[in-house]
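Asker: the sequence isn't on hand, but the structure is:
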């Protein structure tokens, strides 16, 4: 989405609530709960990218999340889209509440959601070092990736090597990532605003 | 009062759909309502930009902490009891008289939840995601922020694994204030960078 025109001004909302409706809050809760219970096949971000572009642009943020969570739970085999269709047609806005509770999982949530931890990122072999000039490969991937169009083909400088993580969309071994600095002029042309753009990129995207 | 007991408007399709999903999972014994409740409460009650404001106020008043924050953000916020999902590799970006930092995620909405809570709608908007990387000064101006021409503007697209927060400049005239008095001066928008 970086660099696209036509979306108009950024419009902050005064005194914005954390959630704008109860269903948004339940969507976040379901995202975490289904992950904690191992009910989802796949991760959220690629599932959001599977939403067709017209629907994506017409949906709110939490609508996209809700679609992604449902798709991943369906992929996990717990229910079908048809079952959700049927219940959505006959049910109301209030979810059924369970009599059962899961105190062990509730007690385990803070360690996952909001407790101190060691910094992530594995020490892995890195082909480039701080100060190296790197060029982002030209590509048109169809699968999940984290290499935005607006940096492809552009040359920048490695300023930090944060560590390795599995490449996007893969469960595989960690691969080195690099924080790369680009001059705004190199990204957007001679009439660009002055300054720099920094972005973290996996080694596979760079030459 | 013929409308008594009715909603002002019919539930929207997405409202029904999310309720349907949760209901089916609950009825099949796959999840329990209390877990969903606990997640919601965490982000409504415990995790928000006040956490980040405490980190900033500490960094403004304790040079050794500031150095630790800039060296390893994850560990430094952990010293104050903060961490977790979307804060696993936190980098604090130091504003100086000659440098201003601005954070965006063009991919979706990557954001340092443990210190800032969940992102506001505008951060997730197409307008912000599209424009912050191309015309940061124009975007900041819409927040009333005019960065002097001689200040180096640095935009951070946090679309991979690192999450970024801005360590803003300590406001002038606050030398007499202690850490607790400084906390209310730090806003979410300072720590995203749309306000300097």
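Answerer: In hand now; what should we look at? Note that this is a predicted model, so its numbers are computed, not measured.
Asker: helices or strands up against the longest strand anywhere in chain A?
Answerer: Longest strand in chain A by number of residues (criterion: DSSP state E): strand A:155-165. Where contact means 3 or more C-beta pairs under 8 Å, 6 or more residues apart in numbering or on different chains; DSSP states H and E, strand A:155-165 is packed against strand A:133-135, strand A:175-183, strand A:196-202. In short, each C-beta sits where N, CA and C put it, glycine included.
Asker: how far does it sit from its chain's centre?
Answerer: Its chain's C-alpha centre and that of strand A:155-165 lie 19 Å apart, by C-alpha atoms, centre = their mean, to the nearest Å.
Asker: buried residues in that strand?
Answerer: When burial is assessed from 16 or more other C-beta atoms under 10 Å in any protein chain shown, strand A:155-165 yields the following buried residues: A:156-158, A:161-165.
Asker: of those residues, which pair is most distant in space?
Answerer: A:157 and A:165 (21.2 Å; C-beta to C-beta).
Asker: deepest in the core, which of the helices and strands packed on strand A:155-165 is it.
Answerer: strand A:196-202 (a mean of 24; mean count of other C-beta atoms under 10 Å in any protein chain shown).
Asker: thinking again about what came up before, report the mean per-residue pLDDT for the longest strand of chain A.
Answerer: For strand A:155-165, mean pLDDT rounds to 97.
Asker: what's next to that strand, contact-wise?
Answerer: A:120-124, A:126, A:128-136, A:174-183, A:186, A:198, A:200, A:202, B:89, B:91, B:160-162 (C-beta atoms under 8 Å, 6 or more residues apart in numbering or on different chains).
Asker: tilt between that strand and strand A:175-183?
Answerer: In terms of direction (axes from the mean of the first three to the mean of the last three C-alpha atoms, to 10 degrees), strand A:155-165 departs from strand A:175-183 by 150 degrees.
Asker: ok and strand A:155-165 relative to strand A:196-202, angle-wise?
Answerer: 40 degrees.
Asker: domain map for chain B?
Answerer: B:13-45, B:48-192 (automatic domain parsing).
Asker: if I look at the residue nearest the centre of chain B, how far off is residue B:86?
Answerer: Central residue of chain B (C-alpha atoms, centre = their mean): residue B:116, 3.1 Å from the mean position. Per C-beta to C-beta, to the nearest Å, residue B:116 is found 9 Å from residue B:86.
Asker: try residue A:55
Answerer: Distance from residue A:55 to residue B:86, by C-beta to C-beta: 25 Å.
Asker: kindly report the same for residue A:188.
Answerer: Counting by C-beta to C-beta, the gap from residue A:188 to residue B:86 is 29 Å.
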